[in-house]
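1. Sequence and predicted structure are below.
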Amino acid sequence: MNIKPLADRVVVKPLEAEEKKQGSIIIPDTAKEKPMQGEIVAVGPGKVTESGQKVNMEVKKGDKVLYGKYSGTEVTIDGKDYLILRESDILAIL
């Protein structure tokens, strides 16, 4: 993958949701909730403030993170799904 996010954006590969089965009910893929955990695969250089100072990123490549349910933009690169989101959309580092 050759992608470089700009400013305070990161590229996240969503982690697969764990399959939990209770009883004999089968939930189709379209009804399953999206995972809210992922691994950062690319990080932008950081945000530049109005005064011209560069604010470094707190996350780095390889970090596992939690993000908001409807955060970011979904993209497909080389047949794989990724999310591009701002660092402020990341809730926590695992």
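-> That came through, no problem.
2. Phi, psi for residue 89 please.
-> Dihedral angles phi and psi of residue 89 (degrees, to the nearest 10) take the values phi -80, psi -10.
3. wait, what's in contact with it?
-> 67, 68, 71, 72 (CB atoms under 8 Å, 6 or more residues apart in numbering). All C-beta spots, glycine's among them, are computed from the backbone N, C-alpha and C.
4. Could you find the closest non-adjacent residue to it?
-> If the residues on either side of it in the chain are set aside, residue 89 comes closest to residue 71, at 4.0 Å by CB to CB, 6 or more residues apart in numbering.
5. try residue 48
-> The shortest distance from residue 48 to any non-neighbouring residue, by CB to CB, 6+ apart, is to residue 54 (5.4 Å).
6. The one you found is in contact with residue 47, isn't it?
-> Yes - in this structure, residue 54 is within contact of residue 47 by CB atoms under 8 Å, at 7.5 Å.
7. Counting neighbours, go ahead and name the busier of the two.
-> residue 47 (16 against 9; other CB atoms under 10 Å).
8. on that earlier part again, the residue nearest to residue 89 - how many residues pack around it?
-> 16.
9. separation between it and residue 88?
-> Residue 71 sits 9 Å away from residue 88, taking CB to CB, to the nearest Å as the criterion.
10. show me the contacts for residue 7.
-> Contacts of residue 7 were listed using CB under 8 Å, 6+ apart, and they are 44, 45, 46, 47, 48.
11. the strands in the protein, which residues?
-> Applying DSSP state E to the chain gives strands spanning 9-14, 37-43, 47-48, 54-55, 64-67, 73-77, 80-86, 90-93.
12. okay if I get those as a markdown table plus distance to residue 3?
-> Listed next are the strands of the chain as a markdown table, based on distance: least, CB to CB, whole Å:
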| stretch | distance to residue 3 |
| --- | --- |
| strand 9-14 | 6 |
| strand 37-43 | 6 |
| strand 47-48 | 18 |
| strand 54-55 | 21 |
| strand 64-67 | 17 |
| strand 73-77 | 6 |
| strand 80-86 | 8 |
| strand 90-93 | 18 |
